[in-house]
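A.B. asks: Structure for this input, please:
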Amino acid sequence: MAREKIPITREGLEALQREYEDLVKRRRPEIARIIQEAREHGDIRENAAYDAAKHDQGFIEGRIREIEELLKRVEVIEEDGTDRSVVRIGSTVTIEIDGEEETYTIVGAVEAKPSAGRISNESPVGRALLGHRVGDVVTIEAPARTFSARIVRIE
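C.D. replies: As a prediction, this is how the structure comes out:
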């Protein structure tokens, strides 16, 4: 069974690749060195530095595997630069909710960071906005409540 493709912007892919390179080329060797130094200090059963380094090593190796799997499945969403009439992944959308404007960039789940205004296409707001145009009023079904938003601008 083929795995589902994961949408990602070019910027998001580059950030993921940078993180992977940092983990493989810098962090992995650094942790290996710390573990080796801790072993050289004798009994590792009661060595806090060794335990911490092994914990960090497990986290780093897990993240490396996770990124490798993501990189096999990503599909870069190309911005054509011309059609800004419809909300899609990669669009920056300004919406009006109860008289207040909010701006979000719709991205794939891998690169979502709501605190930075980057919301997933799978989130209630992202899902509701996709495929709509400026002036459309969309219904957003969030866990806490259902509300309406008007699309003010698509960039």
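
A.B. asks: Only C-alpha atoms from now on, for both contacts and neighbour counts.
C.D. replies: OK.

A.B. asks: show me the contacts for residue 140.
C.D. replies: Contacts here follow CA atoms under 8 Å, 6 or more residues apart in numbering; on that basis residue 140 touches 124, 125, 128, 146, 147, 148, 149.

A.B. asks: quick one: secondary structure of residue 147?
C.D. replies: Following DSSP: H, G, I helix; E, B strand; the rest coil, we place residue 147 in the strand state.

A.B. asks: What distance do you get for it to residue 114?
C.D. replies: With distances taken as CA to CA, to the nearest Å, residue 147 is found 18 Å from residue 114.

A.B. asks: do the same with residue 135
C.D. replies: 24 Å.

A.B. asks: quick one: which helix or strand includes residue 153?
C.D. replies: Assigned by DSSP states H and E, residue 153 belongs to strand 146-154.

A.B. asks: Within the sheet, what are the partner strands of that strand, with directions?
C.D. replies: Sheet pairing of strand 146-154 (DSSP bridges) gives strand 92-97 (antiparallel), strand 137-141 (antiparallel).

A.B. asks: Could you pull out the buried residues of it?
C.D. replies: Within strand 146-154, the residues that count as buried by 16 or more other CA atoms under 10 Å are 149, 150, 151, 152, 153, 154.
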